[in-house]
Every structure is written in C-alpha cells, then in structure tokens.
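[1] let's see this in three dimensions:
(one chain, ligands or ions: 2)
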Amino acid sequence: MIQPGPFFGRSVSVVDDLSLDEQWYLYTKTAQIKTTILQGGDLEAYRLGDKDLSVYLIFLEDSTRTKESFRNAALFHQATVSDFDAARSSVNKNESLIDTLKMLVGYSRRSIFVIRSKVEGVCRALEASIGDYCQVAGISPPSFINAGDGRHEHPSQEFLDEFSFLEHRGWKRDSLHIVLTGDLYFGRTVHSKADGLRVFHKVRVDLVAPPELGLPEFYHHKMLEAGFEVRLFTSIDNYLAQDDVADVWYFTRLQLERMGDDVLDKVSRLKHAVTVRTDHLDKLPALCKFFHPLPQNRIAPTIPDFVTPLSLNGWDEQSRNGYFTRITLIGMLSGVLGHDYLGPLSRHQLPADDFVQEVQVKPRAKSDGHKTGIKPVDDGIVIDHIGAGRQVDQVWKLLDKIRRNLQLDYLSSHGVFASVTSDVVKGLISIPDLPDLGFKKIKKLAALSPGCTLNIVRGKQVMRKYRLHMPPRIYNFAEISCRNENCISHPGQHEGVNAEFVRRGDGFVCRYCERPHTYDDIWTD
Ligand code: ASP
Ligand code: CP
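    Ligands and ions are numbered 1, 2, ... in the order given. Predicted structure coming up:
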C-alpha cells in the first residue's frame, strides 16, 4: 500500500475522538462513496483491498445492524473479518478483555477491533493498555472502534445519524432544530449527540422525556456549553401543545435491559409519554422526518407501524447509511482514505501534570500567631493552609486523611488554627528532620488539599515554598476509584485498569466512562 492516510491507526472511543473537521471529512467522503455505490461506479479508489487487515467483531452485547454493517463494510475493503464468539470464548472462564485482546492482536499484521460491551470505557482502556503492549512486543498497534459501551456512547451510530440529518437538510449546516425523545437517560446514541450535533452551526434541542428518562446532567451541560439552545418537555403531548415544533425527530427505544426495578415498574406510563399517536400527526411541521437508531420494540414500538409507510419515515434510509459511513470509517482508520483531508489533525493529549508552583518566601516576624501550639521546626517540612476555608471538623478530617494517605507516621505535630490575617481556619502539619516529601506524595497532597503550601525549612529558615494546585489529572493512587460499577476501571470489573480522573469544570470525569465525580467522590476513603 502507498503511504497510509493521516487517520491510520487512530481509535474512536467517543465522537470527540474525531474533530469536527475530521467528522465533516467523514460525511463528505461517505456521500461520495454512497453515490458511487448506488450509481454502480468505480470504487477502487475507496477500497483498501488488503486481507492482511483483520477486522474483529467483538460483540459482548447483542446487535444486528452495527455488527452486520461493520462486517459488510470490512468485506467491502476485502479485509479478513473475524467474528469473535464471545459466548463460547474464555471470557466465560473469567478471562479479562485485556488478556483476550493481547492474544488476538498477535494474529494479524494489522487489526481493527469493533467492540460492543456493557462495560463503559472499554475502548479507551484497551487503546492505552494494548497500545503499550504492542510497542513492547513490536506489533503494529490496532485501532479500536466503540460500537456502543453501556449507557456511555455509540460514536459510529452518531456518524451515521449526523450523515442522515445532513442528507435530510440538503447538506445545509447552518442550523438544526431537533427533538430527542424516548430514553434519554440510558440511550447512548442520545449521549453521543452532545458532541455530534456540533457539526451544525446553530443547534436547538428539544428534550422530550419524563423525568425518569431525562438526559443526564453531564450531557445536558455539554450541550449548553456547546452553545445549543435546550428546552425540556415531559411528553410528546406537552411538546405538541406549543407552536415551536422541530422538523427533525430522533426517537430512542426504552433501554429495558439497563433499567432498575424502580423504573421498570413504571415502563408503560413512561412509554406512553414518548409514543406517537395518530392525533399527533397533524401537529407536525411540513417536511418533518422521524429518525431512530433502531431496533424498535416490535410489541410496543414508540413509532407505531402506521407511520412506517408515511413520508415521515427517515429511519430506513438512516439505517442503510450505517453501511456507507462505516465503509468510510474503516477506510480512514486503515489508511486508504484521508489523503485528501486538508484540515488539522486532532491529537487528544492528556493535560500536563502542572500543579506545583514555587512562590516567593516572604520574611516573617518570629511570633507567628497562627502556629500557636506547634513547635517550630529547625529543619524539615511544614505543610500549611490545609483545607483553608473549610469547617473546623472538616479540616481535622482532612489532616487525618493526609497523614494516612501519605503515610506521614513520623514524630511530628499538627493542628487546626485560625489564620492571623482572617477568620479562615486551616490545618498545619509540621515534620522535623524530613528533607522532602518526594514527587508522588506531593502530587497526592495537591490532590487531597489543593491550595496548601509546602515549606522546606533549613536552619530555622523557610528556604523554599511551593503552592500546590488541584492537579489536572488524578491517577496512579490506590485510594481513588470510579463510582460507576459498569466502568472498565471499577475494581468490580477486575480488568486491572487503574482509575484515572481528568479535571472538567468544577469537578472531575473518569477518563474511561466520563462519569462526572466531585472531588470528594473520587477518593475511596
Ligand atoms: N442499537 C442502539 C444501541 O445499541 C439503540 C438501541 O439499542 O436502542 O445503542
Ligand atoms: N443501531 C444499532 O446500534 O443497532 P443494533 O443494536 O442492532 O446494532
């Protein structure tokens, strides 16, 4: 093969793994491929034609169209398709997914793994761990495509959905007014919309679902941050009682398999709120289209059968588009497509570990009132401003947590004091004869008590002073854990993936499943 294109070897765990320019490339290339296929034109320029590429279909949750469209898209490229038989594999002997993939990756010169799992963040974790393994083993690192992970995301579905909306809008990107209805809480295809819809310049989203099925706050917030105008309605009836009705409707199935008993008990009422009736039809705008990722529940579909033959039906064409968009996606990641992409390449980098700031040491008068009760150290370290601004009992708890987590079991003293300059309460730990804390402990200290200072004292003088800030990433600590039991990094998954959190806004998100956590949530004790 000639030099592979710029997307060669990339993975797609979430929609945002392709930048908007890259997504737009995918859509325009898909339009060319679709037209060429439908017109019976020459497809050679789009085809990889390499059986040394193995496309592994690893479906640990059921699927029809995602699996089959990926299979056919891989066959279009004349790749070797392997259908991993999860039900009869050593996954049933409790083998970890990481061990399974380590082995599969060695069977081909180059692999793309298409993975669906109820475990969230699988592809992100595999990308890191298998990537490292391949480097050591001298194997070409594979690409991973998330084909739906629990209630997190379904990026390749998002690409086909946006492609379908663009087709419907005649490729006008200026604006989109869309209804998202059904199960917005568990429906991963809706969650992916918070990023995917940004391909349109002005986006208005009407969320139509009863509160039990409402969009999680994280995605709602993401939409607002992206500048979308968002309105909420609890049922289709409520929505149609006002005049400003969107012409693009996106339905989702109630995800019964993910619901707890508390929600399952209410299913018929919830379903009623998001099911179309004949009397709704004359309240819809002209040229309105219904989209649905499918499957529909054939016993009680939210878009009933009477709608299927109507011009409202956008979902049949949408589902066919899965084949075309996935040809393009495999083509991009395998390197045959992308040579004509002119935009910048997105490089997702984890934020730098930038959390220690050296500050000037100000000379102080000897009688430092706020250190009352603590014997000054001649040589050693003093950690000051611990938990500054919290309640007294919280600062004591924090002192205890710091001492335990940093194993500061030295002869030393600590206490909670009022600052001399304000009413603020803060903690202080003073450790004689300890020259330094070491990088790992400093980082943990920054994560436990952002804003504290670390003073290095020599000959009764503060020689250096560092202010510690909340690190942009918190990882590599045994005392942190993702709260989402379905996350690949949750200890209950036994995948050996260490928890990692990335700062977002006022809190953190899990690097794998993106579940938001407050700062206190990430610590296990
Ligand atoms: N097939 C889509 C998914 O796997 C939608 C659904 O199952 O309701 O997320
Ligand atoms: N839309 C979708 O993902 O369908 P399947 O669950 O049938 O793959």
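[2] which bits of this protein sit near ligand 1?
    Gly148, His154, Arg188, Thr189, Thr252, Arg253, Pro293 (C-beta under 6 Å from any ligand atom). Every residue, glycine included, has its C-beta placed from N, CA and C.
[3] for the last one, which non-adjacent residue is spatially closest?
    Spatially, and ignoring its direct neighbours in sequence, Pro293 is nearest to Thr189 (4.5 Å; C-beta to C-beta, 6 or more residues apart in numbering).
[4] most proximal residue of the chain with respect to ligand 1?
    Arg253 (3.8 Å; C-beta to the nearest ligand atom).
[5] so what does the closest residue to that residue other than its chain neighbours have for phi and psi?
    Leaving aside its chain neighbours, Arg253 sits nearest to Asn297 (5.8 Å; criterion: C-beta to C-beta, 6+ apart). The phi and psi values for Asn297, taken as degrees, to the nearest 10, are phi -80, psi 110.
[6] surely Asn297 meets Thr252?
    No - using C-beta atoms under 8 Å, Asn297 is not in contact with Thr252, being 11.0 Å away.
[7] between those two, point out the one with more neighbours.
    The residue with more neighbours, out of Asn297 and Thr252, is Thr252; 25 against 11, by other C-beta atoms under 10 Å.
[8] surely that one is in contact with Thr181?
    Yes - contact criterion C-beta under 8 Å: Thr252 and Thr181 qualify, at 7.4 Å.
[9] what do those two both touch?
    Common neighbours of Thr252 and Thr181, using C-beta atoms under 8 Å, 6 or more residues apart in numbering, do not exist here.
[10] what is the end-to-end distance of stretch 249-266?
    Terminal residues of stretch 249-266 are spaced 24 Å apart (C-alpha to C-alpha, to the nearest Å).
[11] pull out the buried residues from the worst-scoring helix or strand of the chain on mean pLDDT.
    Using mean pLDDT, DSSP states H and E, the weakest-scoring helix or strand in the chain turns out to be strand 356-359, at a mean of 83. By neighbour count on 16 or more other C-beta atoms under 10 Å, the buried set for strand 356-359 is Val356.
[12] what's that strand packed up against?
    strand 461-468 (3 or more C-beta pairs under 8 Å, 6 or more residues apart in numbering; DSSP states H and E).
[13] following the strand it packs on, which helix or strand comes up?
    strand 473-475 (DSSP states H and E).
[14] beyond that following strand, next helix or strand please.
    Next helix or strand after strand 473-475 toward the C-terminus (DSSP H and E): strand 500-504.
[15] pairing partners for that following strand, with directions?
    strand 473-475 (antiparallel), strand 507-510 (antiparallel) (DSSP bridges).
[16] what's the mean pLDDT across the shortest one?
    For strand 473-475, the mean pLDDT works out to 90.
[17] rewinding a little: hmm, who's touching the least confident helix or strand of the chain?
    Ile442, Ala446, Thr453, Arg464, Lys465, Tyr466, Arg467, Leu468, His469.
[18] pull the number of nearby residues for the second one.
    The tally of other residues near Ala446 (other C-beta under 10 Å) stands at 22.
[19] put together TSV for the residues of the chain next to ligand 1, with pLDDT and secondary structure on each row.
    Converted to TSV, the residues of the chain next to ligand 1 look like this (pLDDT from 0 to 100; DSSP: H, G, I helix; E, B strand; the rest coil):
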residue	pLDDT	secondary structure
Gly148	98	strand
His154	98	coil
Arg188	98	helix
Thr189	98	helix
Thr252	97	coil
Arg253	97	coil
Pro293	98	coil
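[20] which of the residues you listed lies closest to ligand 2?
    Out of the residues of the chain next to ligand 1, the member with the shortest distance to ligand 2 (by C-beta to the nearest ligand atom) is Pro293, at 3.9 Å.
[21] could you pull up phi and psi at that closest one?
    Dihedral angles for Pro293 - degrees, to the nearest 10 - are phi -70, psi -20.
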